[in-house]
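Q: Build the 3D model from these lines:
(2 chains)
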Amino acid sequence: MIKGPGFQVGADAPAYYRRTVELFMRPFAEALVAATVEPGHAVLDVACGTGLATRIAAEATGFEGRVVGADLNAGMLAAARDVPFEAPCPIEWHEASALELPFNTDEFDAITCQQGLQFFRDQVAGLAEMARRGRARGSARRSGRAAASRGHPTSVSRRRC
Amino acid sequence: MLSRYCNTQLPPDQQPSVETSAEVRGWLLAANLTEIDVRLIEAEVAIPPLADYLEDHLQALPWSAPWFELDEATRAEATSELDRILEPWRQADASFRLPFGSYLGIGGVA
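A: As a prediction, this is how the structure comes out:
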């Protein structure tokens, strides 16, 4: 996430995310991955938290793929690493800000961000940084795709473009 | 509702965004993504009873400091009001099933 130096969540947040948030966010994470990830993709999941979308991406990309989860919060990443999960492909976890993703340009086929956009202090800068890590159209294997999601109670707003 | 109980006038860079689909599309455009598609994904989410949920949820958010600065009685009063507001979605076990939507923005890398 684009989280400034002071952005950290409570110490109990990782356990809460695993216990509660992952349950009700699963349909949204599955939609994000389904729209973005194909078998064999190299996937970067930004602001991965406890790794819900990261693990779903690993299942989607399969044994020929590669998945990286990045988050600024060490506690979230520790929880992500501890989740019992037999990934079909390697999953790497990196402590990193979305503003300065420590990856090469054009390194990934798909870049996802599940429910992290609302925490970005500068959404455009974060999305641009995500896009820089995606493979450009016509280069490498496939055109890169970047996707991010942001939730809200539908009783507040249900507008569709 | 919570603004009646605590100071929610956070500095601009600490406020949660409350964007529309057009804003999400604008962000993707400004980030030089192409072939942009913004979808609204909707699902009913299961929320535990507020007593088991609210403060767990808030402590997991970066902008919840004003809530935790309230005294216990005020927090209890605000929780009760929120509980009443959520009455239409309450289940027999005191949990809630709430309609929830998420804008999914997708773009190609240029």
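
Q: what's the domain layout of chain B?
A: As recorded under automatic domain parsing, the domains making up chain B are B:19-44+B:101-110, B:49-94.

Q: now, of the ones you listed, which is deepest in the fold?
A: Most buried of the domains of chain B by mean neighbour count (mean count of other CB atoms under 10 Å in any protein chain shown) is domain B:19-44+B:101-110; its value is a mean of 20. C-beta coordinates here come from the backbone N, C-alpha and C atoms, glycine included.

Q: That one vs chain A: in contact?
A: Yes - contact of domain B:19-44+B:101-110 with chain A (CB under 8 Å from any CB of the partner chain) involves B:19-22, B:24-25, B:27-28, B:30-34, B:37-43, B:101-110.

Q: Give me the mean pLDDT for that domain.
A: For domain B:19-44+B:101-110, the mean pLDDT works out to 87.

Q: Please, where are all the helices along chain A?
A: Residue ranges of the helices in chain A, as given by DSSP state H, are A:13-16, A:22-34, A:52-61, A:74-82, A:123-132.

Q: other SSEs contacting the shortest one?
A: Same thing as helix A:13-16. If contacts are counted by 3 or more CB pairs under 8 Å, 6 or more residues apart in numbering or on different chains; DSSP states H and E, helix A:13-16 sits against helix A:74-82, helix B:50-59.

Q: Is whichever helix or strand comes after the longest one in proximity to chain A?
A: So the one you mean is helix B:50-59. Counting by DSSP states H and E, the element after helix B:50-59 in chain order, helix or strand, is helix B:65-68. No - judged by CB under 8 Å from any CB, helix B:65-68 stays clear of chain A, getting no closer than 9.2 Å.

Q: Determine how far helix B:65-68 lies from the middle of the whole chain.
A: Relative to its parent chain, helix B:65-68 has a centroid offset of 15 Å by CA atoms, centre = their mean, to the nearest Å.

Q: rewinding a little: export the helices and strands packed on helix A:13-16 to a markdown table and tack on mean pLDDT and distance to residue A:67?
A: Shown next, in a markdown table, are the helices and strands packed on helix A:13-16 (pLDDT from 0 to 100; distance: least, CB to CB, whole Å):
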| stretch | mean pLDDT | distance to residue A:67 |
| --- | --- | --- |
| helix A:74-82 | 91 | 11 |
| helix B:50-59 | 84 | 27 |
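
Q: Let me have the domains of chain B in JSON lines, adding distance to residue A:81 as columns.
A: Formatted as JSON lines, the domains of chain B follow (distance: least, CB to CB, whole Å):
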{"stretch": "domain B:19-44+B:101-110", "distance to residue A:81": "26"}
{"stretch": "domain B:49-94", "distance to residue A:81": "18"}
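
Q: so which of those gets nearest residue A:27?
A: Across the domains of chain B, residue A:27 has its closest neighbour in domain B:19-44+B:101-110 (4.2 Å, CB to CB).

Q: May I have the beta-bridge partners of the spatially most central residue of chain A?
A: Central residue of chain A (CA atoms, centre = their mean): residue A:45, 2.6 Å from the mean position. Going by DSSP bridges, residue A:45 is paired in beta bridges with residue A:69, residue A:112.

Q: Quick check, pLDDT for it.
A: pLDDT recorded at residue A:45 is 95.

Q: hang on, it packs against residue A:54?
A: Yes - assessed by CB atoms under 8 Å, residue A:45 is found in contact with residue A:54 at 4.3 Å.
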